[in-house]
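A.B. asks: fold the following.
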Amino acid sequence: MNESRSDQLLQMRRRAFLGSAGVGFGSVALKSLMAQENPKPLGTLSQFHLPPKVKNVIFLFMAGGPSQLELFADKPVLNEFHGKLPPESLTQGRRFAFLPPDAKLMGTNRKFARYGQCGMELSTLLPFHQQIVDKVCWLRGMKTDVFNHGPAKIFMNSGFQAPGRPSIGSWVTYGLGSESDSLPGFVVLQSGPRGPRGGNTLWSAGFLPSKYQGVPLRSQGSPILHLENPKGVSSSLQQSFIEATNDLNRIRFEEVSDPEIQTRIAAYETAFRMQASAPELMRIDDETTETLELYGAQTGKSSFASNCLLARRLVERGVRFVQLYHTDWDHHGGKNQDINEDLDRVCMETDRASAALILDLERRGLLDETLVLWGGEFGRTPMGEVRESSGRDHHVDAFTMWIAGGGIKPGMIHGATDELGFSVIDGLVHVHDLHATILHLLGIDHQKLTYRFQGRDYRLTDVHGKLVSEILS
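C.D. replies: I've put the predicted structure just below:
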């Protein structure tokens, strides 16, 4: 770099510092107090569309499609008609991923009981959920449009079944930004034997600037590979390099106005700050023994339990949207997919920590400002699949999720299905409606958060979606 350009960059940094410092400490304090009384978004929105009820979101995504008929819905009539053909009126014109036309109804051998003041039905597979039945809202009338895993996961995340649209975490951080300047605003944590079908399209920013995409963190070791400085490179040298690089990037941005240059600047700055913040975040051995036991987490071991604990630590540090994926909920029957054996294993891996997250957030005063969701991309059919062992196919017309946190009625059972668990008969909530409600609780009108792309304004709910007002407190 020639001497004149070096002097120019130095002056740019000096002017920026003096300009920001000139406001005075009294003014800074006054602005801080005003921000607390009248909070404003930190993203592209100039103001909230309505008063926000929560600041952060944690989405516990059970990838594969948990069976509501083995977990949340006791159906004695389904058991009574086990092995018989379903009424033709239910299946006529319906499409399924794998079921033949002559698939027969399949009951369950799981034992159910009602728990809490709300009387929610739970099977013996979820003993720890008994502790939170009156703390969450049960959405028993969920419906989606897509019955294959990859497209269905994309649909649950973006409101559209094909890659290319922004995920909900990207929309939220685009609109609201993040309170954390040392960690990404949208973080993804994964557990289970493999990654979710759909891969990084599930947390993609789509046509939004890529700085809003989800950032996967590893739950063991370095959270991001190559985050540490190379050997022989000090922090001060690294900082000088990043400052010089970003100065060059800003000059280039003034010339071409490419938003991806701003993404690059933000990535450098966040990565530098993460060198200090990320190792501290990952040290779950700082937690008390009682907290580790509450979640069932073990230090140094990657698991869904550890990820739930990290999710709490992330929202404590201001991260806006945290999404956990736990795979292997796809129980068609056959090897590793037996609904009478392998379902037990995946429930044991997730039940305790899911309940612990609600209990821990509540006792720390964080549940009132955090929205927590639990569910998968669809449910399972009342008909059984004929494979080497028992299983169920994908079902889009009726499944169960739960939601908890600020602005949500706790201990409410919303929605119901017919006697066979095939269709929603009351309280239908489409995926678009769920998205509209999540945005509403964050202070966003889903019809007003838009981005212009290829000649039209897009939004998370596109031309669909309505607020599920019945579940709001």
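A.B. asks: look at stretch 438-456 and report the distance between its end residues.
C.D. replies: Terminal residues of stretch 438-456 lie 24 Å apart, using CA to CA, to the nearest Å.
A.B. asks: what comes up buried for that stretch?
C.D. replies: Buried residues in stretch 438-456, counted by 16 or more other CB atoms under 10 Å: 438, 439, 440, 441, 442, 443, 444, 446, 449, 451. (C-beta placed from N, C-alpha, C; glycine too.)
A.B. asks: average pLDDT for that stretch, rounded please.
C.D. replies: When pLDDT is averaged over stretch 438-456, the result is 97.
A.B. asks: contacts for it, please.
C.D. replies: Under the contact criterion CB atoms under 8 Å, 6 or more residues apart in numbering, stretch 438-456 has outside partners 41, 45, 48-55, 57, 166, 168, 171-172, 174-176, 207-208, 371, 373, 405-408, 435-436, 457-461, 465, 467, 472.
A.B. asks: which two among the buried residues of stretch 438-456 are spaced furthest apart?
C.D. replies: 441 and 451 (20.7 Å; CB to CB).
A.B. asks: just the strands in the stretch 101-250 of the chain please.
C.D. replies: 112-115, 120-123, 137-143, 186-191, 215-216 (DSSP state E, counting those that start in this stretch).
A.B. asks: residue 296: which of these is closest?
C.D. replies: Of all the strands of the stretch 101-250 of the chain, it is strand 186-191 that lies closest to residue 296, at 12.4 Å by CB to CB.
A.B. asks: how far off centre is the closest one?
C.D. replies: Mean-position distance between strand 186-191 and its chain equals 8 Å (CA atoms, centre = their mean, to the nearest Å).
A.B. asks: hmm, who's touching it?
C.D. replies: Residues outside strand 186-191 that contact it (CB under 8 Å, 6+ apart) are 169-170, 172-173, 178, 196, 203, 212-217, 219, 302-304, 306-307, 310-311, 314, 319-327, 349.
A.B. asks: of the residues you listed, buried ones?
C.D. replies: Buried by 16+ other CB under 10 Å: 169-170, 172-173, 178, 196, 203, 212-217, 219, 303-304, 306-307, 310-311, 314, 319-327, 349, out of the contacts of strand 186-191.
A.B. asks: now do the one helix or strand residue 349 maps to, average pLDDT.
C.D. replies: Assessed by DSSP states H and E, residue 349 sits inside helix 342-363. Per-region confidence: helix 342-363 scores 98 on mean pLDDT.
A.B. asks: so which elements touch that helix?
C.D. replies: strand 56-62, helix 289-295, helix 304-316, strand 321-326, strand 370-375 (3 or more CB pairs under 8 Å, 6 or more residues apart in numbering; DSSP states H and E).
A.B. asks: quick one: contacts of the last one?
C.D. replies: What that stands for is strand 370-375. 54-62, 66, 136, 139, 142, 315, 354, 357-358, 361, 399-408, 438, 441-442.
A.B. asks: tell me the strands beside that strand, with direction?
C.D. replies: Strand pairing for strand 370-375, using DSSP bridges, gives strand 56-62 (parallel), strand 399-405 (antiparallel).
A.B. asks: wait, which of those is closest to residue 70?
C.D. replies: strand 399-405 (10.9 Å).
A.B. asks: what residues does whichever helix or strand comes after that closest one touch?
C.D. replies: Per DSSP H and E, the first helix or strand lying C-terminal to strand 399-405 is strand 412-414. With contact meaning CB under 8 Å, 6+ apart, strand 412-414 is reached by 118-120, 137-141, 427, 429, 468, 470-471.
A.B. asks: mind checking pLDDT for residue 233?
C.D. replies: The model reports residue 233 with a pLDDT of 68.
A.B. asks: excluding covalently adjacent residues, which one is nearest to residue 459?
C.D. replies: Spatial nearest neighbour of residue 459, chain neighbours left out: residue 450 (4.8 Å); criterion: CB to CB, 6 or more residues apart in numbering.
A.B. asks: can you give me the buried ones in the helix holding residue 349?
C.D. replies: Using 16+ other CB under 10 Å as the test for burial, helix 342-363 gives 342-343, 346-347, 349-362.
A.B. asks: next, the angle from that helix to strand 56-62.
C.D. replies: Angle, helix 342-363 to strand 56-62, by axes from the mean of the first three to the mean of the last three CA atoms, to 10 degrees: 170 degrees.
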